[in-house]
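J.: Provided below are the primary sequence and the corresponding predicted coordinates.
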Amino acid sequence: MLTSLDGKVVGDFLETERAAHFSDQYEKIHDRYGSKAWMCGRVTMEEHFTLGHKLELKHEDIPPIPRTDFVANKNAESYAIAVDPSGKLGWTKNSIESWNEHRTDDHIIEVLTEQVSDAYLAHLKKIGISYIFGGKEQINFTVVVQKLKNLFSIEKLMLEGGGFINGSFLNEELIDELSLILVPIADGASNSVTLFETSSFLANQHPVNFFLKEVEKLDDSGLWLKYVTKQT
Ligand SMILES: NC(=O)c1ccc[n+]([C@@H]2O[C@H](COP(=O)([O-])OP(=O)(O)OC[C@H]3O[C@@H](n4cnc5c(N)ncnc54)[C@H](OP(=O)(O)O)[C@@H]3O)[C@@H](O)[C@H]2O)c1
C-alpha cells in the first residue's frame, strides 16, 4: 500500500507530480514480491479496472445456478481477485491486461456471496471468469484464502486495498506482512479512506500489533516500511 503521512490511501496528494514517482515505486515493489495473485475490493476494481461500466443483464429465463465455486483457469500465470459480494463489477472479459512492465496479464477471480444473481453468475461463466463463494450473506476471508490455495494453488496473496478490504483482513488476523510506501505529503482531508477501515457490520475490530522488519529510504524523502504481525 501507499499512504500519505496522515495515513490516507486516496486524496489530492495522489494527483501531485511527486506522488507519481511513488506510484512507480509501488509497481516495482509489487514485482519484487513475486506473488502470482493480488486482491482488491469492489470499489478499487471499479475505479481502476471496470471504470464504472454497468452490465445490462437479462434476469428473465435464467435457470437457477448452484452456489458452487467455478474454476475457469487453474493454471494462470497470475490472478487478479475482486471482492465483489453482490456482483456489481461490469467485467467484459476474463482477464486484466498488463499495464506496465511490472505486471502480467491476470486471470480474474470474483469473490462473491450467495446473494449474487443467477444472471451475474451466468455472465461470469459465459466470459470465463472464475468465481468462489465467501459466505451466504457476508464474506469470511479465512474461508476465501483457503479456497484460493486449494483451487488455484495460491500460496502468497498480495492484498492491494482499498482501506475497507484491508480492514476486513486485519479484523480476521490474516495479514502476515505489511509493505507500506510512506509518501512525504500530508493530505489533510478529514473524510478520506485510510490504510485500514472497518465496515459497519464487522464486530471484532481491535488494535493489531506490527513489528518492524525492514526500512528503506526512497528517493525524494519517501520510506518503504515492512512490518510483520508475528515477531520472529
Ligand atoms: N494508496 C493505495 O495504495 C491504494 C491501493 C488500493 C486502492 N486505493 C484506493 O482505495 C479506494 C477504495 O477504497 P475503499 O476502502 O473505499 O474500497 P475497497 O476496499 O476497494 O472496496 C470496498 C468494497 O469491497 C467489498 N468489501 C470489502 N470488505 C468486505 C467484507 N468484509 N465483506 C464483504 N464485502 C467487502 C464491499 O463491496 P460492496 O460495496 O459491493 O458490498 C466494499 O464496499 C480507491 O479510491 C482506490 O483508488 C489506494
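T.: Received the coordinates, thanks.
J.: from now on I want contacts and neighbour counts done on CA atoms only, so please keep to that.
T.: OK.
J.: what's the closest non-adjacent residue to residue 111?
T.: Nearest non-adjacent residue to residue 111, counting by Cα to Cα, 6 or more residues apart in numbering: residue 83, 4.8 Å away.
J.: gap between that neighbour and residue 160?
T.: Between residue 83 and residue 160 the computed distance is 11 Å (Cα to Cα, to the nearest Å).
J.: check residue 194 too.
T.: 13 Å.
J.: who has more neighbours out of these two?
T.: Set side by side, residue 194 and residue 160 show more neighbours around residue 194, with 21 against 17, by other Cα atoms under 10 Å.
J.: can you tell me the closest non-neighbouring residue to that one?
T.: Closest to residue 194 by Cα to Cα, 6+ apart is residue 8, at 4.2 Å.
J.: shared neighbours, residue 83 and residue 160?
T.: Residues touching both residue 83 and residue 160 by Cα atoms under 8 Å, 6 or more residues apart in numbering: 39-40.
J.: residues of this protein that sit close to the ligand?
T.: 1-3, 9-10, 40-44, 83-86, 138-139, 160-165, 168, 193 (Cα under 6 Å from any ligand atom).
J.: change it to 5 Å
T.: 1-2, 9, 41-44, 139, 161-165, 168 (Cα under 5 Å from any ligand atom).
J.: chain neighbours aside, what residue packs nearest to residue 229?
T.: Excluding the flanking residues, the one nearest residue 229 by Cα to Cα, 6+ apart is residue 210, at 4.7 Å.
J.: and stretch 46-55, what's buried?
T.: Residues of stretch 46-55 classed as buried: 46, 50 (neighbour count, 16 or more other Cα atoms under 10 Å).
J.: give me the residues contacting it.
T.: Contacts for stretch 46-55 (Cα under 8 Å, 6+ apart): 45, 88-91, 96.
J.: show the average pLDDT along that stretch.
T.: Averaged over stretch 46-55, pLDDT sits at 97.
J.: endpoints of that stretch, how far apart?
T.: 12 Å.
J.: and that stretch, how far out from the chain middle?
T.: Between the centre of stretch 46-55 and the centre of its chain there are 15 Å (Cα atoms, centre = their mean, to the nearest Å).
J.: helix, strand, or coil at residue 164?
T.: Per DSSP: H, G, I helix; E, B strand; the rest coil, the secondary structure class of residue 164 is helix.
J.: how near is the nearest residue to it once chain neighbours are set aside to residue 169?
T.: Closest residue to residue 164 apart from its sequence neighbours, by Cα to Cα, 6+ apart: residue 197 at 4.8 Å. In this view, residue 197 and residue 169 are 10 Å apart by Cα to Cα.
J.: residue ranges of the helices in this protein, please?
T.: 17-33, 42-45, 118-127, 141-152, 163-171 (DSSP state H).
J.: in JSON lines: the ones you listed, plus mean neighbour count.
T.: Converted to JSON lines, the helices of the chain look like this (neighbours: other Cα atoms under 10 Å):
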{"stretch": "helix 17-33", "mean neighbour count": "15"}
{"stretch": "helix 42-45", "mean neighbour count": "22"}
{"stretch": "helix 118-127", "mean neighbour count": "18"}
{"stretch": "helix 141-152", "mean neighbour count": "16"}
{"stretch": "helix 163-171", "mean neighbour count": "21"}
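J.: ok, which of those helices comes nearest residue 72?
T.: Ranking those by proximity to residue 72 (Cα to Cα) places helix 118-127 first, at 7.9 Å.
J.: residues in contact with that closest one?
T.: Looking at what lies outside helix 118-127 - Cα under 8 Å, 6+ apart - the contacts are 57-59, 62-65, 70, 72, 87, 92-94, 130-131.
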